[in-house]
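Trainee: Sequence first, predicted coordinates after that:
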Amino acid sequence: MAEHFAITAKNRVRRYPQRARYDKATVYAILDAAWVAHVAFVKDGAPRIIPTLFARRDDTLLLHGAPASGLLRHIGAGGEVAVSVALVDGLVVAKRVADLAVNYRSVVVFGRGRLLEDEAEKRAALHHLTERLVPGHWGASNEPTASDLRAVAVAEIAIESASAKVRTALPDDRAEARTLPVWAGFVPIQQVMGQPVTADYAADRDPPRPLLEMIARWASPPPTVKE
């Protein structure tokens, strides 16, 4: 399996190309760190974009929603989509307003997909999506019923092409700006999880251990990588 996405006119990063990453390890790590994707498509000749929860499974992305969803119908009809995620890691405060920036990690994916019609396929995809979002929550007592499965549409999008763009630099004002009487520096921005709050009707149950382990990982995110 190729370790890099081929660089094409579609996925080539043109603005600040030195920040581009085409290796799957970087692209997939950013996708796996994100919670919400924005999925763009064209419907009736007009652009549309939908924010949605998602999960990566190997070289595909999994989405779910209402069967009447225009996005899912578009995917089911074989239409192409562009999927974007972005993580902001910090404010880069240079002395000159013109040089303000942010550190970020972003990915754009291009691909086509299909609706999962087979009940077993759909159930497996929803299991993967659930375990990505709330690990340890899926169990024999609460998994979707046949009626639940009929009420939801699940799509699998093949990651046909993708690129990442990453900025990790600290402020570095040019010499003539360094004496300006204003502050310069870096403000980290990190996602964290707090302690779970139990519903009163579930007071006799503890959160699943995999969920607690995920919360512990997100409670103390690693230091922001800097160039």
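Mentor: Yep, that arrived. Residues are numbered from 1 along each chain as shown.

Trainee: Excluding chain neighbours, give the residue nearest to the residue at minimal distance from the centre of the chain in space.
Mentor: With distances taken as CA atoms, centre = their mean, the residue of the chain nearest its centroid is Ala34 (3.2 Å). Nearest residue to Ala34 in three dimensions, chain neighbours excluded: Val85, at 3.9 Å (CB to CB, 6 or more residues apart in numbering). Backbone N, C-alpha and C define where each C-beta goes, glycine included.

Trainee: Which residues are in contact with the one you found?
Mentor: Residues in contact with Val85 (CB atoms under 8 Å, 6 or more residues apart in numbering) are 30-31, 34, 36-38, 106-107.

Trainee: same thing with Leu126?
Mentor: Neighbour list for Leu126: 64, 144, 149, 152, 154 [criterion: CB under 8 Å, 6+ apart].

Trainee: what is the mean pLDDT for the helix of greatest length in the chain?
Mentor: With secondary structure taken from DSSP state H, the chain has its longest helix at helix 119-133. Per-residue pLDDT over helix 119-133 has a mean of 96.

Trainee: List the buried residues for it?
Mentor: Residues of helix 119-133 classed as buried: 122-123, 125-126, 128-130, 132 (neighbour count, 16 or more other CB atoms under 10 Å).

Trainee: mind checking which helix or strand the residue in the chain sticking out farthest from the centre is in?
Mentor: Ranked by distance from the centre of the chain (CA atoms, centre = their mean), the top residue is Thr179, with 40.0 Å. Following DSSP states H and E, there is no helix or strand that holds Thr179.

Trainee: Torsion angles phi and psi at it?
Mentor: phi -90, psi 0 (degrees, to the nearest 10).

Trainee: what are the ranges of the helices in this structure?
Mentor: Secondary structure of the chain, counting by DSSP H: helices at 24-33, 70-76, 119-133, 146-150, 209-219.

Trainee: Distance to Ile49 for the ones you listed - can I get that in JSON lines?
Mentor: Converted to JSON lines, those look like this (distance: least, CB to CB, whole Å):
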{"stretch": "helix 24-33", "distance to Ile49": "17"}
{"stretch": "helix 70-76", "distance to Ile49": "9"}
{"stretch": "helix 119-133", "distance to Ile49": "21"}
{"stretch": "helix 146-150", "distance to Ile49": "27"}
{"stretch": "helix 209-219", "distance to Ile49": "27"}
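
Trainee: quick one, which of these is nearest to Gly45?
Mentor: Closest approach to Gly45 among the helices of the chain is made by helix 70-76 (12.8 Å; CB to CB).

Trainee: helices or strands up against that closest one?
Mentor: If you count contacts as 3 or more CB pairs under 8 Å, 6 or more residues apart in numbering; DSSP states H and E, helix 70-76 packs onto strand 36-43, strand 46-53, strand 60-65, strand 80-93, strand 101-115, strand 153-158.

Trainee: thinking again about what came up before, which among the buried residues of helix 119-133 gets closest to Asp200?
Mentor: The shortest approach to Asp200 among the buried residues of helix 119-133 belongs to Thr130, at 23.3 Å (CB to CB).

Trainee: ok, the residue farthest from the centre of the chain to Asp173 distance?
Mentor: 9 Å (CB to CB, to the nearest Å).

Trainee: same deal with Ala120?
Mentor: Taking CB to CB, one finds Ala120 at 59 Å from Asp173.
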